[in-house]
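**Student:** sequence and predicted structure, then a few things I'm wondering about:
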Amino acid sequence: MVQYTAAVITASDKGSRGEREDVSGKVLCELLENEGFIIKDYCILPDERDVLAAKMRELCDEKEVTLILTTGGTGFSPRDITPEATKDVVERETPGIPEAMRLASLKITPKAMLSRAFAGIRKRTLIINMPGSPKAVKESFEAIVGPLGHGLDIMTANDSECAR
């Protein structure tokens with residue numbers, strides 16, 4: 001796999017105020033690094049739609065990272081707005097990615113059906129919403145990491161052939 005750049009955004013009101021340690025974001029950074037990604041940015045932001053969307057746009061348009069993984073904000077709480085912020089930013093949806101994460105998680109817990117995770121592409125950046133718990137982040141990442149490299153190769157034109 002080509003070495004790609006990545007960013008991790010944790011959506012957490014308490015985490016952004018320093019009231020809670022961000023374990024899930026750190027787990028994602030470690031998982032990405034273990035797969036050969038170069039982490040270009042990592043931040044903890046409040047659950048504010050405009051703030052999250054602005055950061056995603058900056059990472060896509062200015063920093064030109066290849067992959068953004070968010071953690072948190074995908075549940076049913078009124079403050080859980082990460083999918084909506086992501087939808088404000090993406091140009092093309094990639095529904096198979098969150099479907100695969102939910103399918104894998106459903107084998108572990110029926111609560112996986114409550115995930116509102118979303119994924120899509122802006123320019124040459126793939127954005128994927130991940131769950132908020134460290135355990136669920138790891139399980140979801142493992143469910144998608146296999147084909148992820150091929151998808152990034154196609155998206156960035158490092159590989160033009162889709163059927164293999």
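**Tutor:** That came through, no problem. Here the structure is a predicted model, which means the values were calculated and not measured.
**Student:** which element is the residue nearest the centre of the chain on?
**Tutor:** Central residue of the chain (C-alpha atoms, centre = their mean): L69, 2.3 Å from the mean position. Using DSSP states H and E, the element containing L69 is strand 67-71.
**Student:** which strands and helices sit next to that strand?
**Tutor:** In terms of contacts (3 or more C-beta pairs under 8 Å, 6 or more residues apart in numbering; DSSP states H and E), strand 67-71 is packed against strand 5-11, helix 23-34, helix 49-57, strand 125-130, helix 134-155. C-beta: built from backbone N, CA, C; applies to glycine.
**Student:** tell me the first helix or strand C-terminal of it.
**Tutor:** Defined by DSSP H and E, the subsequent element after strand 67-71 is helix 82-89.
**Student:** and whichever helix or strand comes after that following helix, what's its mean pLDDT?
**Tutor:** Next helix or strand after helix 82-89 toward the C-terminus (DSSP H and E): strand 92-93. Mean pLDDT, computed over strand 92-93, is 98.
**Student:** before we move on, the earlier item: what's across from the residue nearest to the centre of the chain in the sheet?
**Tutor:** L69 has these beta-bridge partners by DSSP bridges: V8, I128.
**Student:** who are the contact partners of T5?
**Tutor:** F37, I38, I39, K40, K63, E64, V65, T66, L67 (C-beta atoms under 8 Å, 6 or more residues apart in numbering).
**Student:** burial count for the fourth one?
**Tutor:** It stands for K40. Neighbour count for K40, taken as other C-beta atoms under 10 Å: 17.
**Student:** doesn't it fall inside a helix?
**Tutor:** No - assigned with DSSP: H, G, I helix; E, B strand; the rest coil, K40 falls outside any helix and is strand.
**Student:** correct me, but it touches T66?
**Tutor:** No - here K40 does not reach T66: they are 9.1 Å apart, not a contact under C-beta atoms under 8 Å.
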